[in-house]
Structure formats: structure tokens, C-alpha cells
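In: sequence first, then the predicted structure:
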Amino acid sequence: MSNTDFNIGERLRTIRMMYGLSQRTLAKQADVTNGIISMIEQNRNSPSVATLKKILDAFPISLAEFFTFGQLVQEKNVYSADELVEIGSGGFSFRQVGVNLKDKAMQILHERIEPGADSGKEMLRHKSEEGGIILRGQLELTVGGQTHILGPGDAYYFNSRLPHRFRNIGDEICEIISSCSPPTV
């Protein structure tokens with residue numbers, strides 16, 4: 001790949017600015033001279049892999065991520081309603097924000113639970129925390145042996161390692177905005 005196809009200097013400057021570092025601060029953190037950072041950013045110096053790695057160690061970014069950074073920057077930040085991904089079934093509609101949750105810290109869902117739908121007789125358990133706010137309808141939530149009836153405006157937040165279960169006990173759709181961290185995919 002030629003320097004015209006991949007602009008190392010521009011990429012380094014973009015990442016440095018994204019993390020709010022001056023050239024001097026980056027140079028100090030990377031234990032290189034300020035001149036080296038300046039020369040690389042101006043494309044007047046092509047760093048060795050070892051030097052570039054040393055500089056990138058000042059950021060939470062790997063060498064591989066540096067070269068694919070443009071793809072990371074272009075990652076979606078806003079989703080229209082029709083871009084939410086349906087992952088539910090059996091009376092439960094879970095419309096997830098984002099397609100790929102790999103390396104994500106949380107999962108956000110727009111849930112719709114049909115009247116009478118139940119997450120199952122067997123209690124759920126997973127290594128996460130989850131929370132949500134009821135927008136409409138009624139939800140029976142059982143967590144760790146305690147059952148609660150929640151309605152519009154009510155919220156929940158619990159450690160998902162506790163046995164839990166969801167059930168729509170009303171005669172209308174129960175609608176919830178929820179989050180789970182880390183994602184349960």
C-alpha cells in the first residue's frame with residue numbers, strides 16, 4: 001500500500017486529536033521527541049513499525065486498529081427506527097440498537113411483549129446487569145424469588161445472575177426500553 005493510499009500522518013493526527021492530546025503530550029507519553037510526532041503527522045517521516053507501535057501504546061488502540069481506524073470512525077452512532085435489528089421470538093419482540101455487539105459494553109433494546117407472553121417457566125440467568133423502563137402496558141417481573149408488577153414509568157435494574165423472569169400480565173402490548181451490560185448475544 002503506497003503512502004497515497006494510506007496517510008499515516010493524517011491518521012495519527014486524527015487519533016491524537018480525538019483523544020485530546022497535543023503533539024508534545026503524545027511525544028512525552030510515547031517517550032519519543034515532539035519532532036518525531038510532528039514529522040510523522042506532516043508525512044515528512046515514515047516511522048518504523050517499532051516506533052509507530054511505541055506511539056500507539058499511548059492510546060487504547062492496537063497497530064491493527066490503527067490501520068482500520070477509518071472503518072471504526074465510520075461506525076454508526078445514530079439509528080432510525082427501521083434500522084433496529086429484530087432478535088426476538090415467541091411473543092417477544094426485541095429490536096436491538098446496532099447489528100454487531102462484538103466488543104460493545106452494552107446492549108440496548110426496544111422490547112414489545114405480547115399479552116400473555118412469558119419468558120418461560122425456567123428462570124433466566126446470565127452474566128450481566130440489566131435495566132429498563134416500562135413505556136406502556138403491565139409487566140410482571142420476578143427477580144430472585146420476588147415478584148413485582150410494573151406499569152408505565154416504572155423501572156427495574158438488577159444483577160442478571162439472579163434467577164429472573166418476565167411476563168406480560170396485561171391485555172395490551174407491554175413496551176419497554178431496556179439495556180443489558182455486557183450484551184447477552
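Out: Received it, and whenever you're ready, just let me know what you need.

In: quick one, helices of the protein?
Out: Per DSSP state H, the chain carries helices over the ranges 8-18, 23-30, 34-41, 49-56, 63-67, 69-73.

In: out of these, nearest to residue 169?
Out: Judged by C-beta to C-beta, the one of the helices of the chain that comes nearest to residue 169 is helix 69-73, at 43.5 Å. C-betas here are computed from N, CA, C, even on glycine.

In: dump the residue contacts of the closest residue to residue 111 other than its chain neighbours.
Out: Nearest residue to residue 111 in three dimensions, chain neighbours excluded: residue 176, at 4.2 Å (C-beta to C-beta, 6 or more residues apart in numbering). Residues in contact with residue 176 (C-beta atoms under 8 Å, 6 or more residues apart in numbering) are 109, 110, 111, 112, 113, 132, 133, 134, 135, 139.

In: format the residues you listed as JSON lines; extra columns: distance to residue 95.
Out: Below are these laid out as JSON lines (distance: C-beta to C-beta, whole Å):
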{"residue": "109", "distance to residue 95": "7"}
{"residue": "110", "distance to residue 95": "4"}
{"residue": "111", "distance to residue 95": "8"}
{"residue": "112", "distance to residue 95": "8"}
{"residue": "113", "distance to residue 95": "12"}
{"residue": "132", "distance to residue 95": "13"}
{"residue": "133", "distance to residue 95": "15"}
{"residue": "134", "distance to residue 95": "16"}
{"residue": "135", "distance to residue 95": "13"}
{"residue": "139", "distance to residue 95": "17"}
